[in-house]
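A.B. asks: Pasted the sequence and its predicted model underneath.
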Amino acid sequence: MAARKPFKPPDFTKLLQKKGEPGNLARITQLAADPSLARDYWHWDALRHRTPPDGLDHEGWWLGIKLQRQGQLRPVPLLDKEGKPFRFLIPDSALEQLHNMDRDVDGLPAPITRPPTRDQYLVRSLIEEAITSSQLEGAVTTREVAKEMIRSGRPPRDRSEQMILNNYLTMQHITEIKGRNLTPGLVFDLHRLVTEKTLDDPSAAGCLRRGDEKCVLADWEGEVYHEPPPAEQLESRLRAMCEFANGQTPDFFIHPVVRGIILHFWLAYDHPFVDGNGRTARALFYWAMLHHDFWLFEFVSISSILLKAPAQYARSFLYTETDDNDLTYFVLEQMRVIRRATDELHGYVERKTSEVRELESQLGALRTFNRRQVELIRHALKHPSQEYTIESHRKSHSVVYETARTDLLQLHALKLLGVSKRGKAMVFTAPADLAERLKKLEKKGRP
C-alpha cells in the first residue's frame, strides 16, 4: 500500500469509562450535536493534529464525535476476522452526492447518447480503465503503446500488456453480463479473465487461495497493513458477498452506489485470490453499477482517478480497519473518486466536441465526412505518419469490418491516406502534408 499506517483511535469503551462522568458526558453530548462535525468525517489520525473545542482535550473531542456517529452506523453482513460486523453511515453531504449521481443517469452528455459517437466514447473509456487499472497493479507501459495493442489486435509482448488486454476484455464482458445476478462462479470467471497468462501459477486463476498460501499486505520494510481472513472461511464469505451484491441482505435499503462501493471493499478485504484481487474488486464495482442501470459508468474510469492519488485510496481502507470497522471512510473516498471521474468525463466530452467543431470551422471539407472519419483525421493531424488498419479502426469505433473498410478506402480514394500491404493486411498511413491536402480538397470542393 502507498499510505503509512494511521494511528489507531483510543478504545471507545475505555474512553467512555474514562470520560463518562455524568456532567462531563452531558457536555460532550452537546458537542456531538454540532452539525459542523457531520461535514468532515475525520479519523483520529487527522483529528489529533487539530485544535479541539475550548474545554476539551483530544480524547474528549473524539468521544463526542464517536457518540454522534454510534447512533447512526448501520451494520452490513461483512464481518472481520473476529466476527464483528462492518458498519457505515451516510452524512448529509453524501446524500446530496448520491442524489446527483441519480440525476446523472438521466443527464448523459449528448455525444454519449447519440449512436454515431456513443461507441467511440465507450471504447475510449474501456481502454482507459483497462490501462489505469493495470497500472495500479504495477503494469508498466505507455498509453499510446497500450492503445495501439488493443486497437491493432496484436498479441501482448509482456506481462504488463497482458494485464491491460485482460482488463479490456473483462470490461467488455461486464457489459454483457450486467443483467445477471452475482454468483461465486461469476466471480471466478471475472478473476480468470483479469489474470489470464499473468499468474506465476496458472492453475490459481479462478480459484480461492489455499490455506498454505500466505497472503498479507505489507510495505517494503515488512510492516503488515492487512491480513485477510483465513482460507477456510473464504467459501462461505464469498457466498455471503454474492447475497449482499444481489440485494438479498441486509433487511434495509442501501443505495446501489453505496452497495457497489461496499462490494468493492468486501472483495479487497477478503482478498480471496493469490493475485488479481484489486482488479477483480474494481470489476465487481462496475458490474454492480451497470447491474443497477447506472449507465454513466460505462463511460467513466475510476482507476484513472485512483492512479493519481493511490495513497488516499489506501488510507481510506486503513481508516476503516483501524476505527471499529467504520466503512464510511471508504464509502466517502470512493464517492469523491466517482465525482471526479464523472467530472473528467464531462470535461473530456466538451473538449472533444470543441476540437471537432474547431477543426470543422477551419476545414470545411470535414463536414462531408462521417464522425468516424473526422475522428481519424483529427488524430492523424496530431500524429503524423500514424498507421491505421481496418481492424484498429473497427475496434476504435465498435463497427463491423465492412463499415471500417469503407471508411478507410474512401479516405484513401481522396488521397488523405496512403495504403500499403503488410502480409495480407492493408495498412493506411496519414501523409505528412495531410492538412494541406484537406485545404486543397476544400477549395476545389469534394467530388
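C.D. replies: Received the coordinates, thanks.
A.B. asks: what bits of the protein have low per-residue confidence?
C.D. replies: 1-3, 32-39, 105-117, 120, 218-223, 356, 359-365, 384-385, 444-447 (pLDDT under 70).
A.B. asks: Could I get the full set of strands for it?
C.D. replies: Secondary structure of the chain (DSSP state E): strands located at 74-79, 85-88, 217-218, 224-226, 387-389, 418-422, 425-429.
A.B. asks: S316 and R259, how far apart?
C.D. replies: Using C-beta to C-beta, to the nearest Å, S316 is found at 17 Å from R259. The C-beta positions use only the backbone N, C-alpha and C, and glycine is treated the same way.
A.B. asks: Could you tell me how far the most centrally placed residue in the chain is located from E350?
C.D. replies: Nearest residue to the geometric centre of the chain (C-alpha atoms, centre = their mean): I302, 2.7 Å. From I302 across to E350, the span is 20 Å (C-beta to C-beta).
A.B. asks: Was I right to think the residue nearest to the centre of the chain contacts A281?
C.D. replies: No. If you go by C-beta atoms under 8 Å, I302 and A281 don't touch, sitting 10.9 Å apart.
A.B. asks: Tell me which residues are up against stretch 318-329.
C.D. replies: Applying C-beta atoms under 8 Å, 6 or more residues apart in numbering, the contact partners of stretch 318-329 are 1, 3, 5-9, 12, 41, 43-45, 69, 73, 76, 80, 84-91, 225-226, 262, 265, 316, 330.
A.B. asks: are any of the residues you listed buried, and which?
C.D. replies: When the contacts of stretch 318-329 are checked for burial by 16 or more other C-beta atoms under 10 Å, the buried set is 1, 3, 5-6, 9, 12, 41, 43-45, 69, 73, 76, 86-91, 225-226, 262, 265, 316, 330.
A.B. asks: I'd say T280 and V194 touch.
C.D. replies: Yes. With contacts counted by C-beta under 8 Å, T280 reaches V194, the gap being 5.7 Å.
A.B. asks: the more surrounded of the two?
C.D. replies: Using other C-beta atoms under 10 Å, the more surrounded residue of T280 and V194 is V194, with 28 against 24.
A.B. asks: Please name the nearest non-neighbouring residue to that one.
C.D. replies: With C-beta to C-beta, 6 or more residues apart in numbering as the criterion, V194 has its nearest non-adjacent residue at 4.3 Å, and that residue is R279.
A.B. asks: cool, and M101?
C.D. replies: Spatially, and ignoring its direct neighbours in sequence, M101 is nearest to V257 (5.6 Å; C-beta to C-beta, 6+ apart).
A.B. asks: Spit out the contact partners of the one you found.
C.D. replies: Counted by C-beta under 8 Å, 6+ apart, V257 has contacts L98, M101, M289, F294, M335, I338.
A.B. asks: Need these in a markdown table (columns: distance to F252 and neighbour count).
C.D. replies: Formatted as a markdown table, those follow (distance: C-beta to C-beta, whole Å; neighbours: other C-beta atoms under 10 Å):
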| residue | distance to F252 | neighbour count |
| --- | --- | --- |
| L98 | 15 | 16 |
| M101 | 20 | 20 |
| M289 | 21 | 27 |
| F294 | 20 | 20 |
| M335 | 19 | 20 |
| I338 | 22 | 26 |
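A.B. asks: wait, which of those is closest to V374?
C.D. replies: Comparing the contacts of V257 against V374 with C-beta to C-beta places F294 closest, at 29.9 Å.
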